[in-house]
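K.L.:
Take a look and give me a structure for this.
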Amino acid sequence: MIDLRHIDTWLFDLDLTLYPPEVELMRQIEQRITRFVADWTGLPMGEAYALQKAYFLEHGTTLAGMVANHGVDPVRFVAEVEDVILDDVHPDPRLRAALQRLPGRRLVFTNAGGAYAGRVLARLGVDDLFEDVFHIEAANYVPKPQLATFERMMHRHEVKPLTSAFFEDAARNLAPAASLGMTTILVGPHALTADLPFVHHKTHSLPPFLEAAHVQETP
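P.N.:
Residues are numbered from 1 along each chain as shown. This next block holds a predicted model:
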């Protein structure tokens with residue numbers, strides 16, 4: 001049993017963390033990003049996709065690269081690429097029950113926009129379980145894994161890293177969390193094969209991990 005009795009603040013990434021890869025929202029978003037990059041730059045779709053991925057690796061998000069190198073309006077970018085259909089997202093009673101057993105505060109910490117995050121959380125049936133969402137607008141469009149964004153989030157929500165756990169599907173976003181003293185959990189189908197010093201725990205799926213974790217009992 002994983003001992004998380006010291007945790008009183010629970011931070012969750014959104015995409016591919018609170019829902020599994022079988023929910024294909026990210027495919028829709030990726031396709032819309034490629035189209036945006038192609039339309040903005042005039043590049044063919046294949047070259048636009050390559051640029052999209054290069055900016056994601058270099059800047060943390062394609063958005064950050066497009067803002068830095070092409071002067072894109074981040075508000076427009078987020079509105080266009082996250083205007084996706086959520087028919088594949090359904091209430092997840094097991095996730096809800098697993099989240100409800102966690103003592104203390106629950107926050108979503110995502111590189112996605114606030115409107116999109118709210119829609120997804122509502123579709124999952126867990127929006128009422130979170131104190132707030134720290135989204136890309138709150139981060140002034142500076143994405144994870146930038147340390148400044150972690151610091152901005154912690155300042156805004158008075159998060160104490162030593163008693164916080166952060167759940168993420170992107171391993172690189174856990175590095176700054178670990179450096180700050182947070183307990184880190186890598187989530188996803190490839191998590192169990194990761195061998196990284198800043199990943200403290202690994203799980204292929206979020207609900208079973210939360211169900212099994214030893215947490216502080218609430219009065």
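
K.L.:
So in the chain, which helix runs the longest?
P.N.:
Assignment by DSSP state H gives helix 25-41 as the longest helix of the chain.

K.L.:
Show me what it is packed against.
P.N.:
Using 3 or more CB pairs under 8 Å, 6 or more residues apart in numbering; DSSP states H and E, the elements in contact with helix 25-41 are helix 45-59, helix 62-70, helix 74-81. Bear in mind the C-beta positions are built from the backbone N, C-alpha and C, glycine included.

K.L.:
average pLDDT across the shortest one?
P.N.:
The reference is to helix 74-81. Averaged across helix 74-81, pLDDT comes to 96.

K.L.:
Next SSE downstream of it?
P.N.:
Counting by DSSP states H and E, the next helix or strand C-terminal to helix 74-81 is helix 93-100.

K.L.:
and for that next one, what are the contacting residues?
P.N.:
With contacts defined as CB atoms under 8 Å, 6 or more residues apart in numbering, helix 93-100 is touched by 10, 18-19, 106, 124-126, 129, 206-207, 210-211.

K.L.:
Weed out the non-buried ones from these.
P.N.:
Burial by neighbour count, 16 or more other CB atoms under 10 Å: within these this picks out 10, 18-19, 106, 124, 126, 129, 206-207, 210.

K.L.:
Now intersect those residues with the helices, please.
P.N.:
If you go by DSSP H, the buried ones among the contacts of helix 93-100 have 124, 206-207, 210 in helices.

K.L.:
List the residues that contact the nearest residue to Asp83 once chain neighbours are set aside.
P.N.:
Counting by CB to CB, 6 or more residues apart in numbering, Asp83 lies nearest to Arg32, which is 7.4 Å off, once chain neighbours are set aside. Applying CB under 8 Å, 6+ apart, we find Arg32 in contact with 80-84.

K.L.:
any idea which of the residues you listed has the most stuff around it?
P.N.:
Counting neighbours by other CB atoms under 10 Å, Val81 leads those with 23 neighbours.

K.L.:
ok, that one to Asp128 distance?
P.N.:
Shown here: Val81 relative to Asp128, a distance of 27 Å by CB to CB, to the nearest Å.

K.L.:
just Val120 next, same as before
P.N.:
For Val120, the distance to Asp128 - CB to CB - is 14 Å.

K.L.:
out of the two, which sits in the more crowded spot?
P.N.:
A count of neighbours by other CB under 10 Å puts Val120 above the other of Val120 and Asp128, at 25 against 8.

K.L.:
Help me confirm that that one comes into contact with Val89.
P.N.:
Yes. Using CB atoms under 8 Å, Val120 makes contact with Val89 at a distance of 6.1 Å.

K.L.:
Kindly point out which residues are neighbours of both of these two.
P.N.:
Residues touching both Val120 and Val89 (CB under 8 Å, 6+ apart) are 19, 25.

K.L.:
Let me see the domain layout of the chain.
P.N.:
Listed domain ranges for the chain are 3-21+90-215, 25-81 (source: automatic domain parsing).

K.L.:
From His59, how far out is Arg152?
P.N.:
According to CB to CB, Arg152 and His59 sit 17 Å apart.

K.L.:
so Phe167 is in which element?
P.N.:
strand 164-168.
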